[in-house]
Structure formats: structure tokens, C-alpha cells
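*Asks:* requesting a structural model of the entry that follows:
(one chain, ligands or ions: 1)
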Amino acid sequence: MHQQPTASHFIDGQYIDDTAGDAFDVVYPATGEVIARLHAATPAIINRALDAARRAQTDWAAMTGTERGRVLRRAADIMRDRNHDLSVLETYDTGKPYQETSVADATSGADALEYFGGLAGSLTGEHIQLGQDFVYSRREALGVCVGIGAWNYPTQIACWKGAPALACGNAMVFKPSESTPLSALKVAEILFEAGAPAGIFNVVQGLGAVGASLVTDPRVNKVSLTGSVPTGRKVYAAAAEGMKHVTMELGGKSPLVIFDDADLENAVSGAILGNFYSSGQVCSNGTRVFVQKGIKDAFLNRLSERLKGVILGDPQDPKTNFGPMVSQNQRDIVEGYIAKGISEGAHVSFGGKRVDKAGFFIEPTVFSDVTDDMTIAREEIFGPVMSVLDFDTEEEVLLRANDTQFGLAAGVFTADLARAHRMAAGFEAGTCYINTYNLAPVEAPFGGMKMSGVGRENSKAAIEHYSQLKGVYVAMTDVEASF
Ligand code: NAD
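*Replies:* Here you go, the predicted structure:
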């Protein structure tokens, strides 16, 4: 059961520790057992990581894109070869079932490494002719990027940030969530093994204070955070002080709209994926499920039948398809929301209780008869709690779907193509789905509107967020001055 890493941090191509840093425990969420003890980075460790990154970055940026890409693609291959071991570790780190981690974590991290590795050789500026003179633009790295992760997808988050950063010639210092610190160390180890120079991808551990000191350090040029809106506000403000580039991947309360002409089985599958995958700990979840009145009963009945297929248990067992909350704290938060839903008059049509076993399990929970003003329909819960609301018309549901401070994702199930595209155009959300939910391929842009974020991860769009253009004016004739 012990998953103690070689040391807490990975800096300048090696594992290092500093027991002067505050100790914190890593807990296996399925049992509550302590599986590792790490130390938060002290100022000396943070200093070492940033110095290493700054030193390594210049030579890395001077390599050709193809050379950098080769390293990333080699790292992708190593990750795929070690998928089993990495998935077991990810399951210990997060409590997510191996059935999920074996297909969604190291694999999607490898996809990002492969995709941005492939793009690295074709990053360009442009040539702009101005009569005889011309301007060319150089696409240059930003410098040292800081990545700060949430606890739901630790491997994926490290790769979604690290791969485009490194492809563009940056170095990265990554701080994982203190709840799930183990997997990112493996990403650093693999990148180094694949040929990334020492110092190009470093991992330092710690709580919010370590993240905060990275964000304000003058050696840092860019900050990419995956986390909650309150943390995003603080990090964005701190980064603004130093005029740093930012990417903010924050929370959501996304709508999933099901019209009565939808394929019911697919719609139920979409709602299950969009609420109960990773026990609901997914930022883009469609937690406000708007069902048109004509099919509401049929939807709820079929959903209850399908929920009998939940296999809740030891997440390392490949048959288990539903794991615990990441921590006791998160379980308490989710239980608090369930209690609030009940006290505000929503009806529990499935689940609703803590599971009587070790670990931080909560039953998959469905509330029906939810209204727009209830707390469970307004605030991000980040647990397995689906709110089902009903509606009459397209115009009405679009207004209600957009009536939120968040704008991360949105989905629609309907057989009417024109309506599907009208809804996708009308949603105030960065990532929309038609007749499916929650897929996040590396080729597609991912990110939020409104309070859900700034910038985009994945796709070619991420390149814009990890590089900058320099314009170079070239004169071909004599300079004319007025005196
Ligand atoms: P969190 O905001 O509590 O923490 C995120 C990270 O920020 C952690 O590593 C934490 O240590 C660090 N941090 C905290 N305070 C900081 C500060 N002042 N300065 C710098 N760093 C600081 O989030 P969480 O509870 O770990 O994750 C859940 C949240 O993340 C949810 O809101 C979820 O929606 C969001 N999330 C978003 C995406 C996305 O891509 N949009 C993906 C996953 C999770």
C-alpha cells in the first residue's frame, strides 16, 4: 500500500527532499490510510527550482522545434508503456477507479505530449511585405512557466500544461495539488528520461502558500492554474501585479439540456458521464440537467435503472466503476450540499447518503424537482450530485442555462440538427457538446468563458498561450530623417 516516492520534489533532473519543509500526508481516499508523507517546498527549494528552470530554458529554446518535439513524443511512448503502473499510482493518489485511470489519465497525458510534440516542429511566425521593406515575426518562448494543479486529474493536468509549454521552448515549475502530489513526480521523471534537459520540467510540493510564492516570483513569466474560482481570482490578481501571462482553468456549473426528441438512452448515458465519472469531481460536469417536461418521468425512471449498475468498492479492482471523494474534507462539503438540497425542498430520487465503509464514499445522488434558485443549482459541488430541472421551450431553457456566473461547458441532446447548432451558438460556455458529454480530446480547445476561466488548453490554441510574437522590421533602403 505504501506509495512513498523517492523524495518530495523533482528539481534539475533529480529527486530531492528538504525535511525542513512542513510535512503533509498523502491519504488513499478509498481507505483513509496514509500512503506517503511529503514535505512542502521551503523557500530554498522554490529558489532552486526556479533557478534551474531559468538556467535550462535558454538552451532548450535554442533547440529546433523538431528536437524538442522528439523528446515529448519519446515521453509519450514511455507513458503509454507504463500505463498500468501509472494508473495504479493515479488511483492511489486520487481514489478514482482503475477502470477510469487506465484509460483517461496517463493515456490523455501521453496524447498531449504526442500532440504538442508533433506541433513543435511547425511553430512559425510570419512574413509581412511592406513595399521593399518587410517585417517578420518570431514566435518566441515566454520563459519560465508555473503550472498549478487541482486534485482530480493530476497526471493529465501536469501534461496539459507541461506539453505545450515545453513544445514552445519554455521551462516549467509545476506544483501539484497537495491532495494528489504523487503522479506529477512520475511525469517529471519520464520527461527527464525521455531527454528533456535537467531543469526543464520541475515539480515542487506544497499547499497554496507555495503556489502563491511561485506566482509572485519575478523569474516567472507565465502562470497556468487549474483550480477553483476563488483561487483563480487570487492567482490572476497576483500575476497581474507582475504583468505575467495567465491561463485560468476554473470551476463550473454547466447545463446539460435534454429535449423530448432526444435519444433517451444516449441522453441518460450523457447525464451519467457528465455527473458521476470520477465520482463527479470533473470541472466540466453538466450538473444542471434540464429535461423537457414531456420526457422527465421517462428520463428519471431510466436513470434510476441505469444507476443500479454502479459498482462501488475498491478502486484498484478493475470491476469497480465508482470511487470515493478525494478527501474527507471534500466528502464533508458534498454532504453539506446534499443536506442543503433537502432543506431547500429538492427531492432525492436516488442515493443521497454517505456509504457505511472506510474511505470517503458518497452514493451517486440525483435530485429532482430542483429550481433555478436552489443552492445545489447555483454552486459548484464537485461531487456526485445531479440536479434535474424541467423546462417547456428552447428560448426559456437557453436563458436559464446561461443564468450563471460560470461558463465552462454546456451540452444539448436533441434529434433536431438546427436546434442543436442554435443551442451551441447560444450557450455562454467555452466547451459545448451536441449529443454527447464530457469528451476532451487534445485536438479540441478546452477552457471557460465568464468566471470559468481565461485562455484555452489543448489544440493549436494553447500555442498562443505559451509563446509570444516579436515583430522585426527590416529596412531595405536608406533611413529618411527630418533633420
Ligand atoms: P483549489 O482552487 O482549492 O486549488 C487548486 C490549486 O491551487 C492547488 O494546487 C492549491 O494548492 C493551489 N492554490 C491554492 N491557493 C493558492 C494561492 N493563493 N496561490 C497559488 N496557488 C494556490 O482547487 P481544488 O479543490 O484543488 O480543485 C477543484 C477545483 O478545480 C474545482 O473548482 C474544479 O472545477 C476546478 N477544476 C477546473 C478544471 C478546468 O480545466 N477548468 C479542471 C479540474 C478542476
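*Asks:* state the mean pLDDT of whichever strand or helix holds residue 340.
*Replies:* In the assignment (DSSP states H and E), residue 340 maps to helix 328-343. For helix 328-343, mean pLDDT rounds to 98.
*Asks:* show me what counts as buried in that helix.
*Replies:* For helix 328-343, the neighbour count (16 or more other C-beta atoms under 10 Å) marks 330, 331, 334, 335, 337, 338, 341 as buried. C-beta here means a position set from N, CA and C on the backbone, and glycine is covered the same way.
*Asks:* mind listing what the third one touches?
*Replies:* What it means is residue 334. 280, 325, 362, 381, 382, 383, 384, 385 (C-beta atoms under 8 Å, 6 or more residues apart in numbering).
*Asks:* ok, back up a step: kindly reformat the buried residues of helix 328-343 as JSON lines containing distance to the ligand.
*Replies:* JSON lines is the format used below for the buried residues of helix 328-343 (distance: C-beta to the nearest ligand atom, whole Å):
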{"residue": "330", "distance to the ligand": "8"}
{"residue": "331", "distance to the ligand": "13"}
{"residue": "334", "distance to the ligand": "12"}
{"residue": "335", "distance to the ligand": "16"}
{"residue": "337", "distance to the ligand": "13"}
{"residue": "338", "distance to the ligand": "18"}
{"residue": "341", "distance to the ligand": "19"}
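*Asks:* list of residues touching whichever strand or helix holds residue 464?
*Replies:* Applying DSSP H and E as the criterion places residue 464 in helix 461-465. Contact with helix 461-465 is made by 116, 119, 123, 139, 164, 167-168, 222, 224, 245, 247, 445, 455-457, as judged by C-beta under 8 Å, 6+ apart.
*Asks:* adjacent strands (with direction) for the host helix or strand of residue 140?
*Replies:* Per DSSP H and E: residue 140 is located in strand 133-141. Strand 133-141 has the following sheet partners, assigned by DSSP bridges: strand 127-130 (antiparallel), strand 467-474 (antiparallel).
*Asks:* in TSV: the ones you listed, plus distance to residue 421 and mean neighbour count.
*Replies:* TSV is the format used below for those (distance: least, C-beta to C-beta, whole Å; neighbours: other C-beta atoms under 10 Å):
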stretch	distance to residue 421	mean neighbour count
strand 127-130	36	10
strand 467-474	32	13
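*Asks:* need the nearest residue in space to residue 375, chain neighbours excluded.
*Replies:* residue 340 (4.9 Å; C-beta to C-beta, 6 or more residues apart in numbering).
*Asks:* how much space separates the one you found from residue 7?
*Replies:* Distance of residue 340 to residue 7, computed by C-beta to C-beta, to the nearest Å: 42 Å.
*Asks:* tally of neighbours for residue 45?
*Replies:* 24 (other C-beta atoms under 10 Å).
*Asks:* one more: residue 307?
*Replies:* For residue 307, using other C-beta under 10 Å, the count is 20.
*Asks:* ok, then the element right after whichever helix or strand residue 89 is part of?
*Replies:* Following DSSP H and E, one finds residue 89 within helix 83-94. Moving toward the C-terminus from helix 83-94, the next helix or strand (DSSP H and E) is helix 98-104.
*Asks:* ok, back up a step: hmm, who's touching the strand holding residue 140?
*Replies:* With C-beta under 8 Å, 6+ apart, strand 133-141 has contacts from 57, 61, 123-128, 168-170, 463, 466-477.
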